[in-house]
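Q: here is a sequence together with a model predicted from it:
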Amino acid sequence: PKASESLELITSRLKANQYFIAAVLPLSGHLAAFANDVLEGIQLAVEWSHEQPGTPSVGLIVKDHDADRQGFLDDLSTLLHDDRPLVVIGPMLSKNLPVMAEMAQKTRIPLITPAATLPNVRRLGSYLFSTSLTYAMQAERIATYATKQQDYRRFCILHPDTVYGRELARLFAQEVRRLDGEIIAIEAFKEGETDFGPQIQRLKAEDLKKYGLAVPVDIPRQPGKPLSRNEKRVLYTPGFDAIFIPSRSHEIGLLAAQLAFHDIKAPLLGTNGWNSQDFARTADRTVDGATFVDGFFVDSPNPAVQDFVQRYHKRFQSTPSLFTMQVYDAARVVIEGVRHGATSGEALHDFLMTQRNLPTLAGPASFGPDGTLHRPLFLLQVKQGKFVQLDCLLMNSLSQILHTISYMGLPLLFAMVLHEYAHGWMAEKCGDSTAKHEGRLTINPLAHIDPFGTIISPLICLILPGSFLLGWAKPVPIDPRNMHQPRRD
């Protein structure tokens with residue numbers, strides 16, 4: 001009886017929802033830990049939608065399915081035909097996409113993968129979408145930062161001989177060349193290696209053929225030690241601007257130290273494999289200033305990210321992962337479609353294909369022709385044992401300026417206007433109407449603004465360190481000859 005009552009309760013709750021998101025995930029397989037991260041992200045998004053006034057009720061159907069199991073397609077077909085969800089979120093792996101994409105195409109129900117990194121998923125069907133962080137997105141962002149924001153033109157690449165390393169190295173080199181940069185040399189190392197000397201020496205040799213410099217210098221002789229002709233060393237100056245290392249966090253410390261030992265003092269660039277707090281805490285000064293890109297940064301100052309992390313921690317008592325963030329974005333864009341009247345699979349498909357400002361944690365985003373969600377990525381830098389979000393520094397500065405204007409700038413403007421108005425008012429009482437005739441006897445700020453004193457000078461004060469504001473308004477014209485008693489007034 002209890003089981004029957006529970007089933008009836010679940011059924012009634014499902015019927016209370018107008019629309020459904022179906023999560024098809026391997027919750028009991030070897031990917032269970034990752035799949036549960038994904039499920040929690042969907043749950044958080046659905047619960048958020050229930051708190052938003054005017055949002056149609058969206059329910060969640062969860063299916064524990066192993067796509068490799070016999071009978072999986074029959075189960076998926078039953079789900080799509082009987083429950084008619086608006087969207088299916090899954091699978092976790094790229095290898096499972098073809099069969100599920102084919103089913104989505106037949107039933108005209110969008111399929112959104114939050115974890116599979118297969119590029120250009122749209123080639124498998126127009127109803128397939130991805131919110132995953134792809135290698136191409138990372139390569140494009142870090143290359144754009146290096147060439148456009150830092151004006152780097154020449155690069156070396158040192159990568160692990162893995163699928164991750166090889167593909168990111170290839171895509172980064174492709175992006176650099178597209179942006180009119182130059183790749184000086186590319187070297188690979190075996191995963192697990194600890195001595196990178198041979199690869200570094202080959203990088204130097206290639207660089208010396210083009211732009212690098214090698215200058216012999218004398219080594220200072222130790223007191224009491226006889227002079228030797230061999231006490232010289234070659235001082236190497238790299239001819240490239242930065243070195244790209246798409247590896248995992250545990251390798252960066254060793255690589256950076258050995259690069260410094262071989263006189264390669266150039267900025268280090270990386271990818272999301274670096275994003276480990278253990279790496280940030282244990283990194284020495286050789287990696288200070290190194291920059292990398294990722295799809296999620298749990299310590300981001302971005303208010304939307306902060307709110308998401310806090311709500312997730314309150315609900316699940318843990319920290320969200322990249323997978324959680326990617327699926328949360330997937331569920332959020334679906335809910336946004338429902339709020340805009342996309343109440344069928346076909347309507348939701350059209351909405352996702354055409355909308356250019358989809359809400360994601362990192363900012364407005366859209367699905368590209370390849371079916372991938374193109375959203376802002378997080379640009380991070382290692383600074384004194386911590387990760388700092390670079391693309392938030394300017395945003396924070398602007399925020400601080402606006403905040404200062406709100407509590408200091410507006411009162412200052414009001415004070416300046418009142419001050420000049422008082423000059424004109426008193427002059428008129430004394431018989432001089434010059435200010436009134438020139439339109440200055442008003443509290444309208446526009447009549448009193450001096451371009452430099454009212455705008456430029458206060459902005460300079462806000463940008464420069466310090467908390468003072470210096471400004472003035474346009475002086476009010478006064479003609480003492482019109483006053484009743486010029487000497488007194």
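A: Perfect, thanks for sending it. Numbers count the residues shown, from 1 in each chain.

Q: so which elements touch whatever helix or strand residue 43 lives in?
A: For residue 43, the element it lies in under DSSP states H and E is helix 32-50. Helix 32-50 is packed against strand 19-25, strand 58-64, helix 303-316, helix 322-339, with contacts defined by 3 or more CB pairs under 8 Å, 6 or more residues apart in numbering; DSSP states H and E. Using the backbone N, CA and C atoms, a C-beta is placed for each residue, glycine as well.

Q: got the buried residues for the next helix-or-strand element following the longest one?
A: Using DSSP H and E, the helix or strand that directly follows helix 322-339 along the chain is helix 345-354. Under the neighbour-count criterion of 16 or more other CB atoms under 10 Å, helix 345-354 has 345, 347-349, 351-353 buried.

Q: any stretches of the stretch 151-300 of the chain with poor pLDDT?
A: 219-232, 280-283 (pLDDT under 70).

Q: where do the helices sit along it?
A: Ranges of helices in the stretch 151-300 of the chain, per DSSP state H, counting those that start in this stretch, are 163-178, 197-208, 249-261, 277-282.

Q: and the contacts of the helix holding residue 43?
A: Here helix 32-50 makes contact (CB atoms under 8 Å, 6 or more residues apart in numbering) with 21, 23, 25-27, 29, 55, 57-60, 62, 89, 92, 114-115, 308, 311-312, 315-316, 320-321, 323-328, 330-332, 335.

Q: now a PyMOL select for only the buried ones of these.
A: Applying 16+ other CB under 10 Å to the contacts of helix 32-50, the buried members can be selected in PyMOL as follows:
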select buried, resi 21+23+25+26+27+29+58+59+60+89+92+114+115+308+312+316+320+321+323+324+325+326+327+328+330+331+332+335
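
Q: so what's the residue count around the nearest residue to residue 274 once chain neighbours are set aside?
A: Sequence neighbours aside, residue 292 is the residue nearest to residue 274 in space, at 4.4 Å (criterion: CB to CB, 6 or more residues apart in numbering). When neighbours are defined as other CB atoms under 10 Å, residue 292 has 27 of them.

Q: contacting residues around residue 292?
A: By CB under 8 Å, 6+ apart, the residues touching residue 292 are 142, 269-272, 274-275, 380-381.

Q: which ones are touching residue 212?
A: Contacts for residue 212 were tallied using CB under 8 Å, 6+ apart; they are 204, 236-240.

Q: what's the answer for residue 126, then?
A: If you count contacts by CB under 8 Å, 6+ apart, residue 126 has them with 105, 349, 353.

Q: pretty sure the second one is touching residue 122, no?
A: No. With contacts counted by CB atoms under 8 Å, residue 349 stays clear of residue 122, the gap being 11.8 Å.

Q: shared neighbours, the two?
A: Counting by CB under 8 Å, 6+ apart, nothing touches both residue 349 and residue 122.

Q: format the helices of the stretch 151-300 of the chain as a markdown table; extra columns: mean neighbour count and distance to residue 79.
A: As requested, the helices of the stretch 151-300 of the chain are arranged in a markdown table below (neighbours: other CB atoms under 10 Å; distance: least, CB to CB, whole Å):
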| stretch | mean neighbour count | distance to residue 79 |
| --- | --- | --- |
| helix 163-178 | 19 | 32 |
| helix 197-208 | 17 | 50 |
| helix 249-261 | 18 | 39 |
| helix 277-282 | 14 | 39 |
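
Q: can you redo those helices as TSV with distance to residue 369?
A: Listed next are the helices of the stretch 151-300 of the chain as TSV, based on distance: least, CB to CB, whole Å:
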stretch	distance to residue 369
helix 163-178	17
helix 197-208	37
helix 249-261	33
helix 277-282	35
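
Q: how near is the residue lying closest to residue 237 once chain neighbours are set aside to residue 160?
A: Leaving aside its chain neighbours, residue 237 sits nearest to residue 213 (4.3 Å; criterion: CB to CB, 6+ apart). From residue 213 across to residue 160, the span is 29 Å (CB to CB, to the nearest Å).

Q: residue 165: what's it in contact with?
A: 159, 188, 246-247.

Q: filter the residues you listed to the buried ones?
A: Among these, those buried by neighbour count (16+ other CB under 10 Å) are 159, 246-247.

Q: is residue 19 bridged to anything, and to what?
A: In this entry, residue 19 is beta-bridged to residue 58, by DSSP bridges.

Q: distance of it from residue 328?
A: With distances taken as CB to CB, residue 19 is found 18 Å from residue 328.

Q: next: residue 376.
A: According to CB to CB, residue 376 stands 15 Å off from residue 328.

Q: could you do residue 296 as well?
A: 10 Å.

Q: hang on, the earlier thing: tell me the one of the contacts of residue 126 nearest residue 256?
A: Residue 256 lies nearest to residue 353 out of those, by CB to CB, at 43.7 Å.

Q: ok, the nearest residue to that closest one once chain neighbours are set aside - contacts?
A: Nearest-residue entry for residue 353: residue 367, 6.6 Å, with adjacent residues in sequence omitted and distances by CB to CB, 6+ apart. Taking CB under 8 Å, 6+ apart as the contact definition, residue 367 lies against 129, 352-353, 358, 373-374.

Q: switch to 10 Å and redo it
A: By CB atoms under 10 Å, 6 or more residues apart in numbering, residue 367 lies in contact with 112, 122, 129-131, 333, 352-356, 358, 373-375.

Q: of those, which is the nearest to residue 481?
A: Proximity of those to residue 481 (CB to CB) peaks at residue 356, which lies at 64.1 Å.

Q: what helix or strand is that closest one on?
A: Using DSSP H and E, residue 356 maps to neither a helix nor a strand.

Q: any idea whether the spatially closest residue to it that is not a sequence neighbour is helix, strand or coil?
A: For residue 356, ignoring the flanking residues on the chain, the nearest one in space by CB to CB, 6+ apart is residue 366 at 4.7 Å. Following DSSP: H, G, I helix; E, B strand; the rest coil, we place residue 366 in the strand state.

Q: quick check, residue 366 in contact with residue 351.
A: No. Using CB atoms under 10 Å, residue 366 makes no contact with residue 351, being 11.2 Å away.

Q: shared neighbours of these two, anything?
A: 333, 358.

Q: which stretches of the stretch 1-150 of the chain form helices?
A: 2-15, 32-50, 72-78, 97-107, 135-144.

Q: weakest of these by average pLDDT?
A: Across the helices of the stretch 1-150 of the chain, the stretch with the lowest average pLDDT is helix 2-15; it has a mean of 48.

Q: list the contacts for residue 179?
A: The neighbourhood of residue 179, defined by CB under 10 Å, 6+ apart, consists of 140, 143-144, 146-148, 152-153.

Q: buried among these? Make that a PyMOL selection.
A: If you want just the buried ones from these in PyMOL, going by 16+ other CB under 10 Å, the selection is:
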select buried, resi 140+143+144+146+147+152
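
Q: the contacts of residue 179: which two are farthest apart?
A: In those, the most distant members under the criterion CB to CB are 140 and 153, with 17.1 Å between them.

Q: got the buried residues for stretch 97-114?
A: Along stretch 97-114, these residues count as buried under the neighbour rule (16+ other CB under 10 Å): 97, 100-105, 107, 109-114.

Q: could you redo these as TSV and give each row distance to residue 486?
A: Compiled in TSV, these are given as follows (distance: CB to CB, whole Å):
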residue	distance to residue 486
97	89
100	91
101	90
102	94
103	94
104	89
105	90
107	92
109	87
110	82
111	86
112	81
113	84
114	81
